[in-house]
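Chemist: The following comprises the amino acid sequence and a computationally predicted model.
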2 protein chains.
Amino acid sequence: MHETLLQYISQYAKSSLTDEEKGLVSTAFLPKKLRKKQYFLQEGGVCKHFGFIVHGAMRQYSVDEKGIEHVVQLATENWWVGDRESYLMLTPSLYNIDAWEETNLLIVERADLLNLFQEVPALALMAREMDNRNAMASQRRLNAAISFSAEKRYSDFAKDHPEFLQRFPQHLIASYLGITKETLSRIRKQLM
Amino acid sequence: MHETLLQYISQYAKSSLTDEEKGLVSTAFLPKKLRKKQYFLQEGGVCKHFGFIVHGAMRQYSVDEKGIEHVVQLATENWWVGDRESYLMLTPSLYNIDAWEETNLLIVERADLLNLFQEVPALALMAREMDNRNAMASQRRLNAAISFSAEKRYSDFAKDHPEFLQRFPQHLIASYLGITKETLSRIRKQLM
DNA sequence: GCTTTTCGTTGACATTTGTCAACGGCATTT
DNA sequence: AAATGCCGTTGACAAATGTCAACGAAAAGC
């Protein structure tokens, strides 16, 4: 169960873990199973855990005044879930995070993670690497949102994340791209 | 000249610098003056410096196939400028960064900054704090881009950054919000 | 196996936003 | 003072996208 995570850490930290470090990590990250539609975090709640997806698929989204859901993130195996702002500031989250498919997570508590960063340097390195990747991805997505047409956003997405097209229904993809499901349906039709 | 930066660092690192550390920082950060419209970074170039704005106003933007500029960031006093992706990956940047007003910067080279992080722990702390703030701001802006109408994006922006309304012309604000200057003009008219 | 939900599509129409051209005001330059 | 360029606004119109309703197919639940 923890093997995937341990391998993931050494891969992104570019260094391997000692047996002791592996033990520390395995102790702090607890397995958790989520059923379909089950919440990992609900709007208004404080994000006190981060989760690593071992198997499954999840989404993070906000809900507007009209009750419409807006997907800010889709995540499958080997992705991290959690709301960074709420986690860092201990403020109520603006987002919901739930399981789209039945999902196996390894979750870690805030305090434990902060300790682990001291004890397992590779984990801190990995976290920094993830932060950087996340920052770069956000910048690109933001630029796409203000610069590109819905059609280009979709074809870029399909090129960059073909696996998501299989994994998530079109209305979630549409929401992620900031358009309605009807518009996405028409764009796809036109791309043939 | 360096006073502003030194104070900024201790403020965000929540710790003060020794005289030796101040010396190291002051040596590594070189003053640079940019005239209006002068580039700090051009598309295709690799971002080898980061800049701290002591006085002035700048913008970061991409240019699409039609030659239209899309502003991804506006920055004034006490902001950092640079393209993170290019800086981290040493790849050609997708963005231009230039001075909107005459600007005084303190710039630091990649290698020097990496060394400084070892020698001045407070600087590394500050950088981490900036990374976190940047990540939170990106998440919010992304959510706004896919969730809110142009009108709401503008009024939120006006509430959060009233100083920018004075500092930058409307067509730059419009671009930052992902709309045209005509649309922004009409939105403003309607908000009265 | 049957029922219920979810999903994707389509049509008709409304709304939002963009495009293009023109104009006047204002500041800067010469 | 005149000329120039930049800026914000407006009108007429076009294009993109959203809304609402309906339908059938597929999947999920019972």
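Modeler: Great, that's in hand.

Chemist: what number of residues lie near A:Val71?
Modeler: Here the count is done by other C-beta atoms under 10 Å in any protein chain shown, and A:Val71 has 22 residues near it. Quick note: C-beta positions are derived from backbone N, CA and C, even for glycine.

Chemist: likewise the one 10 residues further on?
Modeler: Look at A:Val81: counted by other C-beta under 10 Å, it has 23 neighbours.

Chemist: Also the one 5 residues further on?
Modeler: Other residues near A:Ser86 come to 21 when the count uses other C-beta under 10 Å.

Chemist: Compute the distance between A:Glu3 and A:Ser26, please.
Modeler: Using C-beta to C-beta, to the nearest Å, we find A:Glu3 at a distance of 9 Å from A:Ser26.

Chemist: Between these two, point out the one with more neighbours.
Modeler: When A:Glu3 and A:Ser26 are compared on other C-beta under 10 Å, the one with more neighbours turns out to be A:Ser26, at 15 against 10.

Chemist: what about that one, helix or strand, and which?
Modeler: When secondary structure is defined by DSSP states H and E, A:Ser26 falls within helix A:19-28.

Chemist: Which strands or helices does whichever helix or strand comes after that helix pack on?
Modeler: Beyond helix A:19-28 in the direction of the C-terminus, DSSP H and E gives the next helix or strand as strand A:30-34. In terms of contacts (3 or more C-beta pairs under 8 Å, 6 or more residues apart in numbering or on different chains; DSSP states H and E), strand A:30-34 is packed against strand A:103-109.

Chemist: residues in chain A within reach of DNA strand C, list them.
Modeler: Within chain A, the positions lying close to DNA strand C (C-beta under 7 Å from any atom of the strand) are A:Pro169, A:Gln170, A:His171, A:Lys181, A:Glu182, A:Leu184, A:Ser185, A:Arg186, A:Arg188, A:Lys189.

Chemist: Report the contact partners of the fourth one.
Modeler: Spelled out, it's A:Lys181. A:Gln170, A:His171, A:Ala174, A:Ser175 (C-beta atoms under 8 Å, 6 or more residues apart in numbering or on different chains).

Chemist: repeat for A:His70
Modeler: Contacts for A:His70 were tallied using C-beta under 8 Å, 6+ apart; they are A:Tyr61, A:Ser62, A:Val63, A:Asp64, A:Ser175, A:Gly178, B:Asn143, B:Ile146, B:Ser147.

Chemist: mind running it again at 6 Å?
Modeler: Contacts of A:His70 were listed using C-beta atoms under 6 Å, 6 or more residues apart in numbering or on different chains, and they are A:Tyr61, A:Ser62, A:Ser175, B:Ile146, B:Ser147.

Chemist: Just give me how far stretch A:93-104 sits from the chain centre.
Modeler: If you compare the mean C-alpha spot of stretch A:93-104 with that of the full chain, they lie 9 Å apart, counting by C-alpha atoms, centre = their mean, to the nearest Å.

Chemist: can you give me the end-to-end distance of that stretch?
Modeler: From the first residue to the last, stretch A:93-104 extends over 23 Å; the measure is C-alpha to C-alpha, to the nearest Å.

Chemist: buried set for the longest helix along chain A?
Modeler: In chain A, with assignment by DSSP state H, the single longest helix is helix A:121-147. Counting neighbours by 16 or more other C-beta atoms under 10 Å in any protein chain shown, one finds that the buried residues in helix A:121-147 are A:122-127, A:129, A:131-132, A:134-136, A:138-139, A:141-147.

Chemist: Same question for stretch A:9-26.
Modeler: Going through stretch A:9-26 with 16+ other C-beta under 10 Å, the ones that come out buried are A:Ile9, A:Ser10, A:Tyr12, A:Ala13, A:Leu17, A:Glu21, A:Lys22, A:Leu24, A:Val25.

Chemist: Quick check: the third one vs chain B, distance?
Modeler: Okay, so that is A:Tyr12. A:Tyr12 is 14 Å from chain B, where distance means C-beta to the nearest C-beta, to the nearest Å.

Chemist: Hmm, A:Asp131 and that residue touching each other?
Modeler: No: no contact is recorded between A:Tyr12 and A:Asp131 when judged using C-beta atoms under 6 Å, the distance being 11.0 Å.

Chemist: related to what we said a few turns ago, with secondary structure as added columns, please give the contacts of A:Lys181 in JSON lines.
Modeler: Supplementary listing: the contacts of A:Lys181 in JSON lines, determined by DSSP: H, G, I helix; E, B strand; the rest coil:
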{"residue": "A:Gln170", "secondary structure": "helix"}
{"residue": "A:His171", "secondary structure": "helix"}
{"residue": "A:Ala174", "secondary structure": "helix"}
{"residue": "A:Ser175", "secondary structure": "helix"}
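
Chemist: Now the buried members of those.
Modeler: For these, a neighbour count by 16+ other C-beta under 10 Å gives the buried set as A:Ala174, A:Ser175.

Chemist: Closest one to chain B out of the contacts of A:Lys181, please.
Modeler: Closest approach to chain B among those (C-beta to the nearest C-beta): A:Ser175, at 7.5 Å.

Chemist: Apart from its neighbours in sequence, what residue is nearest the closest one?
Modeler: The shortest distance from A:Ser175 to any non-neighbouring residue, by C-beta to C-beta, 6 or more residues apart in numbering or on different chains, is to A:Val71 (4.2 Å).

Chemist: Likewise for A:Ala150?
Modeler: Nearest-residue entry for A:Ala150: A:Ile179, 4.8 Å, with adjacent residues in sequence omitted and distances by C-beta to C-beta, 6+ apart.

Chemist: What's the local residue count around the one you found?
Modeler: Applying other C-beta under 10 Å, I find that A:Ile179 has 18 neighbouring residues.

Chemist: dump the residue contacts of A:Glu151.
Modeler: Here A:Glu151 is in contact with A:Ile187 (C-beta under 6 Å, 6+ apart).

Chemist: State the distance from it to DNA strand D.
Modeler: As for A:Glu151, its distance to DNA strand D is 6 Å (criterion: C-beta to the nearest atom of the strand, to the nearest Å).

Chemist: cool, A:Val81 as well?
Modeler: Distance from A:Val81 to DNA strand D, counting by C-beta to the nearest atom of the strand: 21 Å.
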